[in-house]
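A.B. asks: I'll drop the sequence and a predicted model, then ask my questions.
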Amino acid sequence: MNVTVGDLPPTFTTQSARASGLHPRDLYKLRDRGEILELSRGVFRRADAPTPDWPDLLAVAYRSPVAVVCCVSALAVHDLTNEIPPAVQVAVPRPRRTPTIDHPPTQVFRFDTATFGLGLSTIEAAPGETVRVYNAHRTVVDLMRLRHTLGEPLAFAALQRYVRRRDARPGEVLDFARALDVLGPVRTALDIASAG
């Protein structure tokens, strides 16, 4: 079977290319000729495919399908920060093994299995290709939970920015805070942010 670039999906892995009948040496020839781009080790994108909005998130999602975009990376997705995260931040459920991804730089958090699925949503990282990400409500609560690690100024700024949005739902933020056992600090910060 003679596989061409057009036979491959827009984003694919070495494994899926092999399953389609493409030999690894041919895969790397296509990369060297610029017909495909390597997003991360073992993750490729056709050069003729539409440019992804979130290429790093797409690459990490292919490397670790169970991972969910979280923290500062999720803030960026939801337009709740002007900071550019130095690494793609994702969560995996405990006790799952933490994936090791060098490129793009990735920081992995391990979240409790019982609450891992709370606030799970998706974004379109590239046309027709989705990536799992925590919704805005969960994200601001996670920043408050991790404020001693990621920084209180970042957490409070994200919460203030969230409160100013038209689609802000402080009640849902409190529901997530209750479920994630951080209700007191979030309620206090929410009161301050709402008054400001």
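C.D. replies: Received, thanks.
A.B. asks: need the residue closest to the centroid of this structure.
C.D. replies: Geometric centre of the chain, nearest residue: Val69, 2.3 Å, by Cα atoms, centre = their mean.
A.B. asks: which residue is the nearest non-sequential neighbour of that one?
C.D. replies: Residue nearest to Val69 in three dimensions, not counting chain neighbours: Val133, with 3.9 Å by Cβ to Cβ, 6 or more residues apart in numbering. Every C-beta, even on glycine, is put in place using the N, C-alpha and C of the backbone.
A.B. asks: what's the burial count for the one you found?
C.D. replies: Counted with other Cβ atoms under 10 Å, residues neighbouring Val133 total 25.
A.B. asks: now do Thr188
C.D. replies: So Thr188, with other Cβ under 10 Å, has 11 neighbours.
A.B. asks: gap between the residue nearest to the centre of the chain and Asp32?
C.D. replies: Distance, Val69 to Asp32, using Cβ to Cβ, to the nearest Å: 31 Å.
A.B. asks: got it, and Thr4?
C.D. replies: 16 Å.
A.B. asks: also Leu174?
C.D. replies: Leu174 is 54 Å from Asp32, where distance means Cβ to Cβ.
A.B. asks: look at the two and report which has more neighbours.
C.D. replies: Between Leu174 and Asp32, counted using other Cβ under 10 Å, the more crowded position is Leu174 (16 against 9).
A.B. asks: ok, which stretches of the chain are strands?
C.D. replies: Using DSSP state E, the strands of the chain run over residues 11-13, 36-40, 43-46, 68-69, 88-93, 106-111, 120-126, 129-134.
A.B. asks: and among those, the most buried is which?
C.D. replies: Comparing the strands of the chain by mean neighbour count (mean count of other Cβ atoms under 10 Å), strand 68-69 ranks first with a mean of 28.
A.B. asks: check which helices and strands it is in contact with.
C.D. replies: helix 55-63, strand 88-93, strand 129-134 (3 or more Cβ pairs under 8 Å, 6 or more residues apart in numbering; DSSP states H and E).
A.B. asks: CSV for those, including mean pLDDT and distance to Val182?
C.D. replies: Formatted as CSV, these follow (pLDDT from 0 to 100; distance: least, Cβ to Cβ, whole Å):
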stretch, mean pLDDT, distance to Val182
helix 55-63, 95, 25
strand 88-93, 96, 15
strand 129-134, 97, 14
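A.B. asks: count the neighbours of the closest residue to Ala49 other than its chain neighbours for me.
C.D. replies: Once flanking residues are discounted, Ala49 sits nearest to Pro10: 3.7 Å by Cβ to Cβ, 6+ apart. Residues lying near Pro10 (other Cβ under 10 Å) number 16.
A.B. asks: Pro10 and Thr130, how far apart?
C.D. replies: From Pro10 over to Thr130 the distance is 12 Å, taken as Cβ to Cβ.
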